[in-house]
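Enquirer: This is the structure alone, sequence omitted:
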Ligand SMILES: [Zn+2]
């Protein structure tokens, strides 16, 4: 009798933050800071799930995280420097963060979207299929 419980979203997200495969929790799904492996070396899951535009989900998470960080910094600087805020500092620091945060969080946001996607749709045809995209 199998007593395996389903993997929760929080477990999958925790694995993503630690740069592990959201499906199995093993290392090796990140091939470089700006590249995911073609497949998880442990379970064989394709991080793009066979879709050429799967990165767009990670892009949305990255955009939201960047906006949140920049807006938070902007408010902190505004409050800290009130009544004479440095508009130039606020403008350029927010712009710099909008570039730096997506690069800094790239593999995490890609794997976080994969974690969400795996929770919403646990099994799809492209997950372990060939290296060719299943959708064109
Ligand atoms: Zn895996």
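Expert: Nice, thanks for sending it over. The structure presented is a predicted model; accordingly, all values stated were derived computationally and were not measured.

Enquirer: which residue is nearest the middle of this protein?
Expert: Nearest to the geometric centre of the chain sits residue 109, at 1.1 Å (Cα atoms, centre = their mean).

Enquirer: Tell me who's in contact with residue 80.
Expert: For residue 80, the contact set (Cβ atoms under 8 Å, 6 or more residues apart in numbering) is empty. Yep, even glycine has a C-beta here, placed from its N, CA and C like the rest.

Enquirer: now with 10 Å?
Expert: residue 86 (Cβ atoms under 10 Å, 6 or more residues apart in numbering).

Enquirer: can you tell me which helix or strand it belongs to?
Expert: helix 55-81 (DSSP states H and E).

Enquirer: show me where pLDDT drops low in the protein?
Expert: For the chain, applying pLDDT under 70 flags the ranges 1-4, 130-136.

Enquirer: go again using 50 as the cut-off
Expert: Within the chain, the segments meeting pLDDT under 50 span 1-2, 133-136.

Enquirer: Show me which residues of the helix holding residue 80 are buried.
Expert: By 16 or more other Cβ atoms under 10 Å, the buried positions in helix 55-81 come out as 55, 57-58, 61-62, 65-66, 69-70, 74, 77.

Enquirer: Quick check: next helix or strand after that helix?
Expert: helix 87-104.

Enquirer: can I assume residue 15 is in contact with residue 43?
Expert: No - in this structure, residue 15 is not within contact of residue 43 by Cβ atoms under 10 Å, at 11.6 Å.

Enquirer: tell me, what's touching those two both at once?
Expert: Common contacts of residue 15 and residue 43, defined by Cβ under 10 Å, 6+ apart, comprise 21, 23-26, 29.

Enquirer: nearest to residue 83, of these?
Expert: For those, the closest approach to residue 83 (Cβ to Cβ) belongs to residue 29, at 49.4 Å.

Enquirer: ok, the closest residue to that closest one other than its chain neighbours - contacts?
Expert: Leaving aside its sequence neighbours, residue 29 sits nearest to residue 21 (Cβ to Cβ, 6 or more residues apart in numbering; 4.3 Å). Residues in contact with residue 21, defined by Cβ under 10 Å, 6+ apart, are 12, 15, 27-30, 36-37, 39-45, 47, 111, 114-115, 118.
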